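J.: can you look at this prediction? I've put the sequence above it.
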Amino acid sequence: MAMAIAGAMMSFIGAAVARPLAPIDALAQSSPAPVNTAATIASTTTPGATPQMEPRHGVPTFLSGDAARANLKAQGQVASRKSALDPESMARAHLRDLAGLYRITAEEINALPVHNVQSLDGGGTIVRFRGTVDGIEVFREQANLLLDRNGDLAAIGGFVMG
C-alpha cells in the first residue's frame, strides 16, 4: 500500500515539473532602438565619453561620472546644484540631468521607487532604483548610482525606463 501511494506521488510530481513554460522574455526578441542622439553627440565630440549602450532600448547600461559630465557639456547643459540634498534626492537629480540620455522624463524619475541606499566606507553612497509597473518589479530594469563623498556622480550602472 505504501509503495502504491509513493508511486502515485512520484508520478504526480514528475508531471507537474515536466510541463513546458511559455516564452516571456520579449526583450530578447526585440530589434535595436533608433539611435540615441544625446549619446551620439557626446561620443563624437568628447573623447572617452561613449557610454556602454543597451542597443534594444538605446540607453546606457554603464556611464561614468566623467562621461556624464562630458555628455552634459556636449549638449550645452549644466548640471543642477545638488548641495544640501540627501543621497536619494541627489541621485534623482543626477538622473534628471541625464534624462534625455536615458529617454526618461523628470516625472518618471521622481516616481521611481528606491530599492535601497547603501553608505560606503570613505563617504560614498550607492542608490538603487528599480523600475516597476503597477507595483511589480520589471526584470532587468534597475539603475545603481554611485555617488562620491561630495554627492557627485561617479557612475551609473543599469537603466530604468520609467
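T.: On my side now, so go ahead.

J.: this structure: strands as residue ranges?
T.: For the chain, applying DSSP state E gives strands covering 52-54, 59-64, 114-119, 125-133, 136-147, 153-159.

J.: paired strands for the last one, with orientation please.
T.: For strand 153-159, the pairing partners within the sheet under DSSP bridges are strand 59-64 (antiparallel), strand 136-147 (antiparallel).

J.: state the mean pLDDT of that strand.
T.: Across strand 153-159, pLDDT averages out at 93.

J.: got the angle for that strand vs strand 125-133?
T.: With axes from the mean of the first three to the mean of the last three Cα atoms, to 10 degrees applied, the angle from strand 153-159 to strand 125-133 works out at 30 degrees.

J.: can you list contacts of strand 153-159?
T.: Strand 153-159 has contacts (Cβ atoms under 8 Å, 6 or more residues apart in numbering) with 54, 57, 59-65, 68-69, 94-95, 98, 102, 124, 141-148. Any C-beta I mention is one placed from the backbone N, CA and C, and that applies to glycine too.

J.: from those residues, which would you call buried?
T.: 54, 57, 59-61, 63-65, 68-69, 94-95, 98, 102, 124, 141-147 (16 or more other Cβ atoms under 10 Å).

J.: which among the strands paired with strand 153-159 is found nearest to Ile109?
T.: Closest to Ile109 of the strands paired with strand 153-159 is strand 136-147 (Cβ to Cβ; 9.5 Å).

J.: what about that closest one, average pLDDT?
T.: 87.

J.: count of residues packed around Pro55?
T.: A count of nearby residues for Pro55, using other Cβ atoms under 10 Å, gives 13.

J.: now do stretch 59-70, average pLDDT.
T.: Stretch 59-70 comes out at a mean pLDDT of 89.

J.: alpha carbons only: can I get that stretch in PDB?
T.: Only the C-alpha atoms of stretch 59-70 are listed here, as PDB (Å, rounded to 0.1, in the frame of the first residue of the first chain):
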ATOM      1  CA  VAL A  59      20.000  53.800 -23.400                       C
ATOM      2  CA  PRO A  60      23.300  53.500 -21.500                       C
ATOM      3  CA  THR A  61      24.000  50.400 -19.300                       C
ATOM      4  CA  PHE A  62      27.100  52.000 -17.800                       C
ATOM      5  CA  LEU A  63      28.000  55.600 -17.700                       C
ATOM      6  CA  SER A  64      31.000  57.000 -15.800                       C
ATOM      7  CA  GLY A  65      30.700  60.300 -14.000                       C
ATOM      8  CA  ASP A  66      33.200  61.800 -16.400                       C
ATOM      9  CA  ALA A  67      31.200  60.600 -19.400                       C
ATOM     10  CA  ALA A  68      28.000  62.000 -17.800                       C
ATOM     11  CA  ARG A  69      29.600  65.500 -17.400                       C
ATOM     12  CA  ALA A  70      31.000  65.300 -21.000                       C
END
